[in-house]
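Visitor: From the sequence below, what's the structure:
(chains A and B)
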Number of protein chains: 2
Amino acid sequence: MDLLHSALKKIKTINEKWYVTAQAQLDNLTKPRGSLGRLEEFAKRLVAISENPVPELDKKVVFIFVGDHGVVEEGVSAFPKEVTRQMVFNFLCGGAGINVIARHAGAEIVVVDIGVDYDFGNINGLVSKKVVMGTKNIRKGPAMTKDEAFKCIEVGIEFANEYTEKGYKIFAAGDMGIANTTPSSAIAAVLTGKPVSEVTGKGTGIGDEVLKNKIRAIEDAISLNKPNPSDPLDVLTKVGGAEIGGIAGLIIGAAANKVPVVIDGFISTAGALIAYCLNPEVKDYMFAAHNSMEIGHEVMLHKIGLKPILDLELRLGEGTGATLAMLIIEAGLKIYKEMATFEEAKVSKQ
Amino acid sequence: MDLLHSALKKIKTINEKWYVTAQAQLDNLTKPRGSLGRLEEFAKRLVAISENPVPELDKKVVFIFVGDHGVVEEGVSAFPKEVTRQMVFNFLCGGAGINVIARHAGAEIVVVDIGVDYDFGNINGLVSKKVVMGTKNIRKGPAMTKDEAFKCIEVGIEFANEYTEKGYKIFAAGDMGIANTTPSSAIAAVLTGKPVSEVTGKGTGIGDEVLKNKIRAIEDAISLNKPNPSDPLDVLTKVGGAEIGGIAGLIIGAAANKVPVVIDGFISTAGALIAYCLNPEVKDYMFAAHNSMEIGHEVMLHKIGLKPILDLELRLGEGTGATLAMLIIEAGLKIYKEMATFEEAKVSKQ
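Guide: Predicted coordinates:
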């Protein structure tokens, strides 16, 4: 069996008996029952995902999947295409937003060229898993071939397998790619059934006229390519992007390996939605980091059934929100593991 | 002039020119303008509060003001009164929720006995600033004397002065005191003008019958003591609590010293509301940590004009939300200080 189908087959809904075990411990701690709200939920999820009564989050990693998008030539973005590769160098030099947040959260960064339209050669720190030299312009035809879309997902699964093996305990899914809100909106529209205009926003900061053009480009791409809403791989092939496929694969691989994965904003959630449509059981392994400013984000989170952790009006991507949310999830785990019980602290119970 | 009035006089609205300076730097960083949303707002606030283009948050401290409440004898709480002092020992041994969160956030803890109805003697780690041996039952008379309320506020101001002097760069305001949602709801009702039933919740987990009794007790306390809504010190005296006064003082002292202060949940915000009514300019120096589950919390935040950072269904107090929020505020500052500019990273601008 291929990597994708064997990973999909391995994924199981988490066993709720672990929630009961974890809740019993939480209710013994010196606090009113349930008074740490969602922090308690995060601890329970981590116990159930790892099937371990004392999970660890000591090794954290954020993957930044980077790709270019042919649709950029339709004038859908505020930034020129070169910024994708320029930002790769910025990641490698430690100067981007995600570098700062990852240092703050104690997470490592893996920068993955999965589809940049630029030949980096061999450069230190960049992991080359290039599947395409950028996608094709989806207004003129499919983004990539079915085989390429499949390979993108497999790249993500391979990372999940490799980093599970290396002992990492939580993953974050980040992205970089000028114009990548365009394929993400296309995916959102096709897989949620909403009109394009309801799931398409201003990305990194386009004006009203450009937004109208972006919506038309996506509508054209969908009517030209006719992606099949009940075939997520077809959707990824026709109107997706390489980094979105990588993220979908990372999530599938995380779930198959019983490792929690934090999804970031709009692009990362488009990848999550592809993964969810391939196997809804991945949901149990995902944490939704934040509520992005991009209008289609909430629609996709709702479809998957995830509630975001943070709401800070972020719209940067790169995994910044996901990595910041790791700090909150970790707080929940530490509460669960480090607080004294009523008995230990000689505190009267309710 | 006394400590309170000289502190109140020192407080100035922050100078908006610092926002402009900070915004210019934020707009030079390698990210779309404004794409880090509220993280950027936090950085700007820190620059403006400290009047320093490169602020530091290296030394953080959370103060836990602890007090007892005579109104506990009215059966308004789910926990017995002894829990207040038992939790003091738990704080000192490192086993409480706030100990875990403070370690996670790299913040120090100062535990202050400002009004516990117990003689701790001299114990290591507890700062004794006892003003009252618990407040009196507000259903039967005023919580304390005007002089005591005044002293509670001065205790908070003294801590702000001392810890500014010691080089601490951000404060969090925490509380502990069985039954202290009752005086907090009374303060909320009097100072916002809302009916008691709209600002009174289930605290640490009382049932519907106990809630009804709690509302009646607060209504009785207000009609008996007649606190003057335009005199915050009178409100603190008649229906407040020692720890709430300490928190109000800490906030006033923080603002007077140009130090940012993170307010926690319901009780901490009752203290913040007292401070705000004494001098509305304290608002600029406060960060609201989170949106508590306690129904009166949002009403008070709205009155002050603060938007919470986190929304995690917390209702523990102790400064847990405030200390967790420090990590998010700090992320904003690091973004501002550590990210590369477009020029440094050779990234094309919008």
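
Visitor: List the contacts of A:Trp18.
Guide: With contacts defined as C-beta atoms under 8 Å, 6 or more residues apart in numbering or on different chains, A:Trp18 is in contact with A:44, A:47-48, A:51, A:53. For every residue, glycine as well, the C-beta is placed using N, CA and C.

Visitor: Narrow those residues to those in helices?
Guide: Counting by DSSP state H, those place A:44, A:47-48 in helices.

Visitor: Next, count neighbours for A:Asn213.
Guide: By the measure other C-beta atoms under 10 Å in any protein chain shown, the count of residues near A:Asn213 is 15.

Visitor: go on, the one 10 residues further on?
Guide: Neighbouring residues of A:Ser223 were enumerated by other C-beta under 10 Å; the total is 8.

Visitor: what's the distance between it and A:Leu324?
Guide: For A:Ser223, the distance to A:Leu324 equals 38 Å [C-beta to C-beta, to the nearest Å].

Visitor: For A:Ser35, what are phi and psi?
Guide: Backbone geometry at A:Ser35, expressed as degrees, to the nearest 10, gives phi -70, psi -10.

Visitor: so it makes contact with B:Gly203?
Guide: No. The criterion here is C-beta atoms under 8 Å, and A:Ser35 misses it with B:Gly203 at 9.6 Å.

Visitor: Give me the more crowded residue out of these two.
Guide: A count of neighbours by other C-beta under 10 Å puts B:Gly203 above the other of A:Ser35 and B:Gly203, at 28 against 23.

Visitor: mind checking the SS state of the more buried one?
Guide: Put simply, B:Gly203 is coil when judged by DSSP: H, G, I helix; E, B strand; the rest coil.

Visitor: any idea of the pLDDT on it?
Guide: pLDDT, B:Gly203: 86.

Visitor: Distance check, the closest residue to it other than its chain neighbours against B:Thr269.
Guide: Nearest in space to B:Gly203, with sequence neighbours left out and distances taken as C-beta to C-beta, 6 or more residues apart in numbering or on different chains, is B:Thr181 at 4.0 Å. B:Thr181 sits 11 Å away from B:Thr269, going by C-beta to C-beta.

Visitor: which regions of the stretch 251-350 of chain A sit below the pLDDT cut-off?
Guide: Low-confidence segments of the stretch 251-350 of chain A, defined by pLDDT under 70: A:350.

Visitor: Chain A too?
Guide: A:350.

Visitor: Domain map for it?
Guide: Chain A breaks down by automatic domain parsing into domains covering A:2-55+A:335-345, A:60-325.

Visitor: looking at these, which is buried most?
Guide: Most buried of the domains of chain A by mean neighbour count (mean count of other C-beta atoms under 10 Å in any protein chain shown) is domain A:60-325; its value is a mean of 23.

Visitor: before we move on, the earlier item: select, from the contacts of A:Trp18, the two members most distant in space.
Guide: Using C-beta to C-beta, the two most remote members of the contacts of A:Trp18 are A:Lys44 and A:Glu51, lying 12.4 Å apart.

Visitor: and the stretch 251-350 of chain A, which residues reach chain B?
Guide: Within reach of chain B by C-beta under 8 Å from any C-beta of the partner chain, the stretch 251-350 of chain A has these residues: A:293, A:309-316, A:320, A:324, A:327-328, A:330-331, A:334-335, A:338-340, A:344-348, A:350.

Visitor: One more pass at 6 Å, please.
Guide: A:312-316, A:324, A:327, A:331, A:334-335, A:338-340, A:345, A:347-348, A:350 (C-beta under 6 Å from any C-beta of the partner chain).

Visitor: And the strand or helix carrying A:Leu8, what does it pack against?
Guide: Assigning secondary structure by DSSP states H and E places A:Leu8 in helix A:3-10. Applying 3 or more C-beta pairs under 6 Å, 6 or more residues apart in numbering or on different chains; DSSP states H and E, one finds that helix A:3-10 makes contact with helix A:146-165, helix A:242-256.

Visitor: contacting residues around that helix?
Guide: For helix A:3-10, the surrounding residues in contact (C-beta atoms under 6 Å, 6 or more residues apart in numbering or on different chains) are A:153-154, A:157, A:252-253, A:256, A:279.

Visitor: What's the first helix or strand after that helix?
Guide: helix A:17-27.

Visitor: picking that back up, ok, which of the domains of chain A comes nearest B:Val66?
Guide: Of all the domains of chain A, domain A:2-55+A:335-345 comes closest under C-beta to C-beta, at 14.5 Å.

Visitor: For chain B, what's its nearest residue on the stretch 151-300 of chain A.
Guide: The nearest approach of the stretch 151-300 of chain A to chain B comes at A:Thr204, 3.5 Å away (C-beta to the nearest C-beta).

Visitor: measure the closest residue to A:Pro232 other than its chain neighbours to A:Val235 for me?
Guide: Among residues not flanking A:Pro232 along the chain, A:Cys277 sits closest, at 4.0 Å (C-beta to C-beta, 6+ apart). The gap separating A:Cys277 from A:Val235 is 8 Å, by C-beta to C-beta.

Visitor: Now list whatever residues contact both of the two.
Guide: Common neighbours of A:Cys277 and A:Val235 (C-beta under 6 Å, 6+ apart) do not exist.

Visitor: ok, back up a step: nearest to chain B, of the contacts of A:Trp18?
Guide: For those, the residue nearest chain B by C-beta to the nearest C-beta is A:Lys44; the value is 13.6 Å.

Visitor: For that closest one, which non-adjacent residue is closest in space?
Guide: Closest residue in space to A:Lys44, ignoring its immediate chain neighbours: A:Ala22 at 4.3 Å, by C-beta to C-beta, 6+ apart.

Visitor: And A:Val66, by the same measure?
Guide: A:Met176 (4.5 Å).

Visitor: give the contact list for that neighbour.
Guide: Per C-beta under 6 Å, 6+ apart, neighbours of A:Met176: A:64, A:66, A:87, A:318.

Visitor: For the stretch 51-200 of chain A, which residue gets nearest to chain B?
Guide: The minimum distance from the stretch 51-200 of chain A to chain B, using C-beta to the nearest C-beta, falls at A:Gly95 (2.6 Å).
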